[in-house]
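Q: with the sequence up front, the predicted model follows.
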Amino acid sequence: MNDAPKILDLNKIKPPERKVLLKNKEIILSKIPSRVTLEIAEKYEELNDPNNSKAFDDLMSLTMKIINSQNNDSEITKDWLIDNTDFEQLYALMEFLLEPVKERVEKEAKNRTAPVRAKK
């Protein structure tokens with residue numbers, strides 16, 4: 001019998017490195033804090049609702065939470081992003097940023113709706 005404790009070292013679980021280059025700045029977007037992930041999951045439907053007039057502001061708020069969690073550049077603000085991107089760039093940034101969360105949410109939703117197969 002093995003009495004050694006079982007240890008899960010969460011420090012070894014690291015997301016793939018993800019960065020955005022903009023105006024001579026390297027913006028790190030690798031880690032999305034759990035609190036933000038949960039907020040995205042909670043607001044997922046309304047963020048994707050084309051009739052939601054608050055969707056853009058909500059997305060910008062989430063974007064800034066993620067950026068601020070791992071970048072110590074006080075120059076990178078919501079206004080700085082808006083002033084230094086055109087709409088296509090800003091939209092691409094938000095899509096790139098939310099891609100891992102979107103994939104996870106969709107995977108979980110698919111798993112919840114998948115029929116359970118009886119064992120043979």
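A: Cool, the structure landed.

Q: run through the helices of the protein in chain order.
A: In the chain, the helices defined using DSSP state H lie at 34-47, 55-70, 78-83, 87-113.

Q: of all those, which lies closest to residue 20?
A: helix 87-113 (5.9 Å; CB to CB). Where you see a C-beta, it was placed from the backbone N, CA and C, and this is true even at glycine.

Q: show the average pLDDT along stretch 29-37.
A: Taken as a whole, stretch 29-37 has an average pLDDT of 91.

Q: list the buried residues for it?
A: Under the neighbour-count criterion of 16 or more other CB atoms under 10 Å, stretch 29-37 has 29, 32, 36, 37 buried.

Q: can you redo the helices of the chain as TSV with distance to residue 2?
A: What follows is the helices of the chain, written out as TSV (distance: least, CB to CB, whole Å):
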stretch	distance to residue 2
helix 34-47	32
helix 55-70	38
helix 78-83	52
helix 87-113	32
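
Q: just name the most buried of these.
A: The highest mean neighbour count among those, using mean count of other CB atoms under 10 Å, belongs to helix 55-70: a mean of 16.

Q: if we can go back for a sec, worst mean pLDDT among the helices of the chain?
A: Out of the helices of the chain, helix 87-113 stands lowest, with a mean of 83 (criterion: mean pLDDT).
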